[in-house]
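Asker: dropping the sequence and predicted coords here.
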Amino acid sequence: MLVDSFGRTIDYMRISVTERCNFRCAYCMPNTPMDIGDESQDVPLDSVLNFIKVAISEGVKKIRITGGEPLLRSKIVEFIANICKIAPEIDIALTTNAFLLAPLAQNLKDAGLKRINISLDSLRRDNIKCISKRDGLDKILLGIQAAHKVGLKIKLNMVPLRGINEYEIVEILEYAIRLDVMVRYIEFMENTYAKSGIVGLKLPEILEHIRKKYPISLFEKEIFGPATLFKIPKQSLKEKLDCILERDYVFGVIAPHNDDFCKTCNRIRLSSEGKLIPCLYHENAIDIKEAMLQGNTQEILERLKLCIQTKPEKNDWNEDSISKRAFYQTGG
Ligand code: SAM
Ligand code: SF4
């Protein structure tokens, strides 16, 4: 079992399988270069599997595959199937922009994927184009429908930005309600790669948009997740949206500025460059690439343990110290 210096059990790994992406989201990546690059830049998935085997043998129970855009990896379905073969009970999830999802959804489900988080910043073609620099709305929506059809458990992620998509907070909420999937609003986290001038909405402002139409109450703070959950009574959905749900609708807001964000942190990250990152908002990282490439199990284990030991108690996050690591590199 992996336990850090503050007694937190680390049983969740977020694995970035590439930093390449077919989008250029304003809050995440620079606009240029626009080309997607090729797979030779990425750590081979067999080598990443060497790391995952060790992590699982040390008690890791949950893995999220992310990026960059993980569906750009040509062997991603095989990779997920291999992880599920090693540990059939593993809770395995993937985060994607859904542009390439529709034709892969069934294969991913068959490979053993259980849950999928899909970024959906807008339901308007122009806004998607403006935020991601790609005319992707149709494909994103097809991807969401396909994932829903094959029975993957979906969560939608939206990053509300001032003057860009903030007026769609309720629209996206209602889209999610009709699909009966959870939406989570993520506060924009400043980083040196985001376009200048981008301003994100904070939790109270996000709730204010929703309160204009629906009554909201606090549901709970996820114990091992980053979101604070709120609920809207089902009666209100019936009256205002003509939508009948069997229970109240629950949505989340991910607000990293909150003090209690770190107390129950159970995760570390593997970046696409082969670095183990104990905390998203700390600069330190431990290089594990060579050990993974060589399949050196002992060295992987030592570096993994070193990473856990150096996990800080709290994140360094504050408005004045902007992160120099972009989400597309660390896996968000
Ligand atoms: N490409 C995939 C996607 O967009 O879903 C997976 C990787 S992306 C880095 C993972 C998540 O990070 C997305 O939901 C995205 O909205 C979020 N994200 C990226 N940069 C962010 C930022 N600066 N602030 C808040 N969320 C961010
Ligand atoms: Fe790509 Fe995801 Fe970053 Fe957008 S948020 S640029 S889709 S990695």
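Answerer: Structure received. Ligands and ions are numbered 1, 2, ... in the order given.
Asker: for the residue in the stretch 51-200 of the chain that ligand 2 sits nearest to, list the residues it contacts.
Answerer: Residue nearest to ligand 2 within the stretch 51-200 of the chain (CB to the nearest ligand atom): Asn97, separated by 3.7 Å. C-betas here are computed from N, CA, C, even on glycine. Counting by CB atoms under 8 Å, 6 or more residues apart in numbering, Asn97 touches Cys21, Asn22, Phe23, Glu69, Ile118, Ser119, Ser132, Gly136, Ile140.
Asker: where in the stretch 101-250 of the chain is pLDDT low?
Answerer: Along the stretch 101-250 of the chain, the parts satisfying pLDDT under 70 run over 222-224.
Asker: how about the residues of it by ligand 2?
Answerer: Residues of the stretch 101-250 of the chain lying close to ligand 2 by CB under 6 Å from any ligand atom are Ser119, Ser132.
Asker: just the helices in the stretch 101-250 of the chain please.
Answerer: Taking DSSP state H, counting those that start in this stretch to define them, one finds helices in the stretch 101-250 of the chain at 105-111, 125-132, 137-150, 169-179, 203-211, 234-241.
Asker: out of those, flag the one nearest ligand 1.
Answerer: helix 125-132 (8.6 Å).
Asker: distance from the chain centre to the closest one, please.
Answerer: 20 Å (CA atoms, centre = their mean, to the nearest Å).
Asker: kindly export it (C-alpha atoms) in PDB.
Answerer: Coordinates of each C-alpha in helix 125-132 appear next as PDB, following Å, rounded to 0.1, in the frame of the first residue of the first chain:
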ATOM      1  CA  ARG A 125     -20.700  25.900 -32.900                       C
ATOM      2  CA  ASP A 126     -19.000  29.400 -32.900                       C
ATOM      3  CA  ASN A 127     -18.100  29.200 -29.200                       C
ATOM      4  CA  ILE A 128     -16.600  25.700 -29.500                       C
ATOM      5  CA  LYS A 129     -14.500  27.100 -32.400                       C
ATOM      6  CA  CYS A 130     -13.600  30.200 -30.500                       C
ATOM      7  CA  ILE A 131     -12.500  28.200 -27.400                       C
ATOM      8  CA  SER A 132     -10.900  25.100 -29.000                       C
END
